[in-house]
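**Student:** take this sequence and fold it.
(one chain, ligands or ions: 1)
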Amino acid sequence: MIRLGIVGYGHRMACFMGGPMKNVEPDFQVVGVVDPAEAFIRKRLADWGCTDQKEVPFYPDVATLVREGKPDGLLIGTNCAMHTPFAIQAAEYGLPLFLEKPVSTSMEQAVALEKAFRKSKTEVVVSFPLRVSPLCVRAQQAIESGEIGRPEHIAGLNYVPYGTVYYTPGSYQSLQGLFLQKATHDLDYMMGLMGSRVRRVGAMASKGRVFGGSKPAGLVCSKCDEAETCKESPKNRQRNGSASGKNKDHACVFSVDIGTPETGICEDSSSCVLEFESGATGVYTQVFFSRRDAGRRGSIVSGYDGTVSFDWYRNDITLVHHHKPFTDTFTSKGGANHFGGDDELASDFVDLIHGRIKRSRTPIETGLASVYACLAAKESSETGRFVEVRPVEM
Ligand SMILES: NC(=O)c1ccc[n+]([C@@H]2O[C@H](COP(=O)([O-])OP(=O)(O)OC[C@H]3O[C@@H](n4cnc5c(N)ncnc54)[C@H](O)[C@@H]3O)[C@@H](O)[C@H]2O)c1
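**Tutor:** Purely as a prediction, here's the structure:
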């Protein structure tokens, strides 16, 4: 039975342990948790179905967890700003590490993380389910088989139908914007498909035009006299099928609490043009006010000989041969966590622990390359200038 230590056992880790990890390795044991929310987690462990264990020991820090719990692997699922400091501690132990994205939220953190892992034996599974999802892997195979020729251009689209989750009080301060929070996944898999890292980015973001506003601080739908007509009230979201997750009373997404472009607010939409080290170019766009069937996520990759396109919401891939009278289509089964990518990540993590593989498909370099590209996009959107992406040197 494999022994796991968890740092930050919140919603994401609960879903990951109770779903993908259980699917891949039903017999794991959580031998220690580091998380200040001990009472809350203890109460919820059974409901979450993450483990059948009656008792899970909590430890004050990673060093004590490793010393006393003797885990075979560590998972870090804290809030974003703490991924780097905990990963730097974990780098000391050489244990396989599952690390949530974004791996860092600032340049200072990313540089420190890169330095710590340059001399570490710890192999990391960065939590990038899209890159390893069956649909993306199939698209990658089409590209690597040479069927489209050398990839020259990529257009990535992400119309997020659950974007209202990013407009809560304090969310910008915690997330540092949606390039780091959301595009970190997309730029990662796009670099994977193109077989090349991003060298230069030009980006724009629109902020405070849809979400945010002048409604009073502290306002929630249940106290709002516009709840009957507001499109975001639980009642209207229910009626229109536009809710994401649990449809309950919530903070007003149009209030001063959400922030302003001056004080910090997550963007309504953002886009970037990309130049890859290979010389290929591309674009990426993410939109956070789309809803329902507007959801789209995927890419169109073109070379001289063909174009391959796929969409995770529709679960299909189309391969158009430019110079042959054929178009191939593939469909995939839907319904899995993160389009099947979470099971793949769990499988890599477990295989590393058992020594069945030596390298993760989402090693620390992928997390860093993505963070450097996202930080460059953020800076570009704030300054109006193209920004060179810091290369990963490991
Ligand atoms: N890879 C993905 O597809 C994906 C999906 C969802 C969320 N995430 C990421 O997962 C992370 C967690 O998100 P969440 O929704 O579970 O948040 P959450 O708030 O539910 O969980 C965070 C946990 O970290 C704990 N924590 C806070 N301070 C701590 C400390 N000093 N030491 C140890 N633990 C501490 C909190 O008590 C909480 O239990 C975020 O970084 C998010 O970006 C990734």
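
**Student:** helix, strand, or coil at the most centrally placed residue in the chain?
**Tutor:** When the chain is reduced to its mean C-alpha position, the nearest residue by C-alpha atoms, centre = their mean turns out to be residue 185, at 4.7 Å. Counting by DSSP: H, G, I helix; E, B strand; the rest coil, the backbone at residue 185 sits in helix.

**Student:** report the contact partners of it.
**Tutor:** In this structure, residue 185 makes contact with 101, 128-131, 370, judged by C-beta atoms under 8 Å, 6 or more residues apart in numbering. In short, each C-beta sits where N, CA and C put it, glycine included.

**Student:** need the pLDDT of it.
**Tutor:** Model confidence at residue 185, expressed as pLDDT, equals 98.

**Student:** same check, this time on residue 51
**Tutor:** Reported pLDDT at residue 51 in the predicted model: 63.

**Student:** which parts of this structure are helices?
**Tutor:** Counting by DSSP state H, one finds helices in the chain at the ranges 11-16, 22-24, 38-48, 62-64, 83-90, 107-118, 129-132, 134-144, 171-175, 178, 184-194, 234-240, 341-354, 364-383.

**Student:** residue in the stretch 201-350 of the chain with the shortest distance to the ligand?
**Tutor:** Using C-beta to the nearest ligand atom, residue 338 is the residue of the stretch 201-350 of the chain that sits closest to the ligand, at 5.5 Å.

**Student:** what's the neighbour count on residue 23?
**Tutor:** Neighbour count for residue 23, taken as other C-beta atoms under 10 Å: 14.

**Student:** that one contacts residue 344, doesn't it?
**Tutor:** No: taking C-beta atoms under 8 Å as the contact criterion, residue 23 and residue 344 are not neighbours in contact, 10.7 Å apart.

**Student:** just to revisit the earlier point, which residues touch the residue of the stretch 201-350 of the chain closest to the ligand?
**Tutor:** Contacts of residue 338 by C-beta under 8 Å, 6+ apart are 129-130, 133.

**Student:** now residue 181
**Tutor:** Under the criterion of C-beta under 8 Å, 6+ apart, the contact partners of residue 181 comprise 80, 102, 166, 175, 266.

**Student:** could you measure from it over to residue 324?
**Tutor:** Separation of residue 181 from residue 324 (C-beta to C-beta, to the nearest Å): 41 Å.

**Student:** do residue 353 as well
**Tutor:** According to C-beta to C-beta, residue 353 and residue 324 sit 45 Å apart.

**Student:** one more: residue 393?
**Tutor:** Separation of residue 393 from residue 324 (C-beta to C-beta): 42 Å.

**Student:** what's the answer for residue 75, then?
**Tutor:** Computed with C-beta to C-beta, the distance linking residue 75 and residue 324 is 46 Å.

**Student:** neighbour count winner among the two?
**Tutor:** Looking at residue 75 and residue 324 with other C-beta under 10 Å, you find the greater number of neighbours at residue 75, namely 27 against 10.

**Student:** these two touch, right, residue 300 and residue 152?
**Tutor:** No: here residue 300 does not reach residue 152: they are 11.7 Å apart, not a contact under C-beta under 8 Å.

**Student:** what's the nearest residue to the residue in the chain that the ligand sits nearest to if we skip its chain neighbours?
**Tutor:** Here the chain gets closest to the ligand at one residue, residue 10, 1.7 Å apart by C-beta to the nearest ligand atom. With C-beta to C-beta, 6 or more residues apart in numbering as the measure, residue 77 is the residue that lies nearest to residue 10, at 6.1 Å, once sequence neighbours are left out.

**Student:** give me the number of residues near that neighbour?
**Tutor:** By other C-beta under 10 Å, 24 other residues sit near residue 77.

**Student:** right, and it touches residue 16 too?
**Tutor:** Yes: using C-beta under 8 Å as the test, residue 77 is close enough to residue 16 to be in contact (7.2 Å).

**Student:** give the contact list for residue 323.
**Tutor:** Listed by C-beta under 8 Å, 6+ apart, the contact partners of residue 323 are residue 305.

**Student:** kindly recompute the last result at 6 Å.
**Tutor:** Contacts for residue 323 were tallied using C-beta atoms under 6 Å, 6 or more residues apart in numbering; there are none.

**Student:** one more: residue 203?
**Tutor:** Residues counted as contacts of residue 203 (C-beta under 6 Å, 6+ apart) are 272, 377, 380-381.

**Student:** can you rerun that using 7 Å?
**Tutor:** With contact set as C-beta atoms under 7 Å, 6 or more residues apart in numbering, residue 203 has these partners: 270-272, 377, 380-381.

**Student:** so what pLDDT did it get?
**Tutor:** Here, the pLDDT recorded for residue 203 equals 98.

**Student:** the one 5 residues further on too?
**Tutor:** Reading off the per-residue confidence, residue 208 sits at a pLDDT of 97.

**Student:** count residues in the vicinity of it, would you?
**Tutor:** 17.

**Student:** not counting sequence-adjacent ones, nearest residue to it?
**Tutor:** residue 261 (4.8 Å).

**Student:** from what I can see that neighbour touches residue 209, true?
**Tutor:** No: under the criterion of C-beta atoms under 7 Å, residue 261 is not in contact with residue 209, lying 9.2 Å apart.
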